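A.B. asks: no sequence on this one, just coordinates:
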């Protein structure tokens, strides 16, 4: 009988930089950090607190008095791991580990651990590992045990100690080269799948939003599918796509009868998403870049919902999402508000054409959402004939990839291609 793995006792610290006027509200930020920690298996959160400081100490992050104060509490609580909800430099990490005799993990390292534990597809696993290698290459303070690990995760939590920097760097570079070659093969396969979907010119509707906003629950209601939906940060990681018939108004989800679309449920966003992951998951999120309509799902019951919405907008801009892509804001989780607050949100949303309120759990507002999706996808389209030279293969491939070609006739010097497109697609084509 296998012995059950002992839980790692963790302490969560949220440094609140009082000198930063743009800092996040400390209370909700600490709650989110604890939720992130709870998302890791075999981790027990023994305590959590906000640490106010004017400026971070360059060597140890915290002042001498605060270090001693925390050291006592960590010893009493028998903590193995301290999670610091913010950036920690390699020097600060090394010094804090010596000072407290515990492992230190910053926000980026924690998110990478969660992504590593959750990735299921081959591409997701490769992208997370590439991101982790890129992150740790700048540090080189820990052994690369995860290259030959026998357990999940990236090894940041339970590594045995330090090795020579030269050996680390060589191991990282060799492994990154192998991963790049494997990822290239996976990307080619995904491009073939996307090209196959382009031959079926259904509009793509992408669900985006902060992690735990209820995207997967809404996806399940719209499709009748059973994607994992839990009250947990990053419950789903690998994007899920379904070619579906939206339910006709008044019908049960999954019965169809409405417009055919490709619905995409993406990984949840989060504030301060590591830059390594933004780059790594750009390929996975290409369906958002190609979407005909984006549904931005918000947890309207959350105290920091406005800050979360701003974080989502920032990440979408970093990903390169076209500002002209139609978007609907979906204020979800009405069922978690009291009736007075819910009514106030309904009245506020009613003043905007592109905002809807609903509960993905109870189904309230669902018909209004389907109606709004239909209206948004019924953007005016016009048919035009384009003259392309034979040398314009890239533009021709783009038109076919979008699934908007109606007819094509070869001529003496090039193609005559008839397309039916929206103004947004015409603008994208002009920018090629």
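C.D. replies: Now that the structure is in, tell me what you want to look at. Everything quoted here is computed from the prediction, not taken from an experiment.

A.B. asks: for the rest of this, base every contact and every neighbour count on C-alpha atoms.
C.D. replies: Fine.

A.B. asks: show residues contacting stretch 33-41.
C.D. replies: Contacting residues not belonging to stretch 33-41 are listed as 12, 14, 43-45, 48, 83, 85, 110-111, 113-114, 117, 232-234 [C-alpha atoms under 8 Å, 6 or more residues apart in numbering].

A.B. asks: all strands of the stretch 201-350 of the chain, in order?
C.D. replies: Here the stretch 201-350 of the chain has its strands, by DSSP state E, counting those that start in this stretch, at 204-209, 240-247, 257-265, 293-299, 327-332.

A.B. asks: enumerate every residue touching the closest residue to residue 58 other than its chain neighbours.
C.D. replies: The spatially closest residue to residue 58, leaving aside those adjacent along the chain, is residue 92, at 7.1 Å (C-alpha to C-alpha, 6 or more residues apart in numbering). Contact partners of residue 92, counting by C-alpha under 8 Å, 6+ apart, are 58, 59, 60, 61.

A.B. asks: make CSV out of these and add secondary structure.
C.D. replies: Supplementary listing: the contacts of residue 92 in CSV, determined by DSSP: H, G, I helix; E, B strand; the rest coil:
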residue, secondary structure
58, coil
59, coil
60, coil
61, strand
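
A.B. asks: who wins for most neighbours among the residues you listed?
C.D. replies: With neighbours taken as other C-alpha atoms under 10 Å, the top of those is residue 61, carrying 21 neighbours.

A.B. asks: can you read off the pLDDT for it?
C.D. replies: For residue 61, the model assigns a pLDDT of 93.

A.B. asks: from residue 48, how far out is residue 80?
C.D. replies: For residue 80, the distance to residue 48 (C-alpha to C-alpha, to the nearest Å) stands at 14 Å.

A.B. asks: quick one: residue 240 from residue 360, how far?
C.D. replies: Relative to residue 360, residue 240 is positioned 18 Å away (C-alpha to C-alpha).

A.B. asks: who has more neighbours out of the two?
C.D. replies: Between residue 240 and residue 360, counting by other C-alpha under 10 Å, residue 360 is the more crowded of the two (23 against 14).

A.B. asks: next, that one: secondary structure please.
C.D. replies: What three-state DSSP gives for residue 360 is coil.

A.B. asks: quick one: it and residue 218 touch, right?
C.D. replies: Yes: counting by C-alpha atoms under 8 Å, residue 360 does reach residue 218; the two are 5.0 Å apart.

A.B. asks: looking at it, residue 308 is touching residue 210, isn't it?
C.D. replies: Yes: counting by C-alpha under 8 Å, a contact exists between residue 308 and residue 210, whose distance comes to 6.2 Å.

A.B. asks: more neighbours, those two?
C.D. replies: In this comparison of residue 308 against residue 210, neighbours counted by other C-alpha under 10 Å, the higher total goes to residue 210 at 26 against 22.

A.B. asks: so how far is residue 132 from the closest residue to that one other than its chain neighbours?
C.D. replies: Nearest non-adjacent residue to residue 210, counting by C-alpha to C-alpha, 6+ apart: residue 269, 4.5 Å away. When distance is defined by C-alpha to C-alpha, residue 269 is 18 Å away from residue 132.

A.B. asks: could you do residue 334 as well?
C.D. replies: In this view, residue 334 and residue 132 are 37 Å apart by C-alpha to C-alpha.

A.B. asks: please apply the same query to residue 350.
C.D. replies: Residue 350 sits 44 Å away from residue 132 when distances are taken as C-alpha to C-alpha.

A.B. asks: weed out the non-buried ones from the contacts of stretch 33-41.
C.D. replies: In the contacts of stretch 33-41, burial by neighbour count holds for 12, 14, 43-45, 48, 83, 85, 110-111, 113-114, 117, 233-234, counting by 16 or more other C-alpha atoms under 10 Å.

A.B. asks: where does this protein have low pLDDT?
C.D. replies: Where the chain drops to pLDDT under 70, the residues are 1-5, 120, 140-166, 187, 190-201, 225-239, 247-258, 274-287, 379-380, 424.

A.B. asks: who does the nearest residue to residue 87 once chain neighbours are set aside form a beta bridge with?
C.D. replies: Closest residue in space to residue 87, ignoring its immediate chain neighbours: residue 106 at 5.9 Å, by C-alpha to C-alpha, 6+ apart. Beta-bridge pairing of residue 106 under DSSP bridges involves residue 84.

A.B. asks: surely residue 106 touches residue 84?
C.D. replies: Yes: if you go by C-alpha under 8 Å, residue 106 and residue 84 touch, sitting 4.8 Å apart.

A.B. asks: looking at these two, which has the bigger crowd around it?
C.D. replies: For residue 106 versus residue 84, the count of surrounding residues by other C-alpha under 10 Å is larger for residue 84: 23 against 18.

A.B. asks: against residue 304, how distant is that one?
C.D. replies: Residue 84 sits at a distance of 20 Å from residue 304 (criterion: C-alpha to C-alpha).

A.B. asks: ok so residue 429 is a helix residue?
C.D. replies: Yes: residue assignment for residue 429, taken from three-state DSSP, places it within a helix.

A.B. asks: what's the closest non-adjacent residue to residue 47?
C.D. replies: Using C-alpha to C-alpha, 6+ apart, the closest residue to residue 47 is residue 11 (5.0 Å).

A.B. asks: what about the one you found, how many residues close to it?
C.D. replies: Counted with other C-alpha under 10 Å, the neighbours of residue 11 add up to 24.
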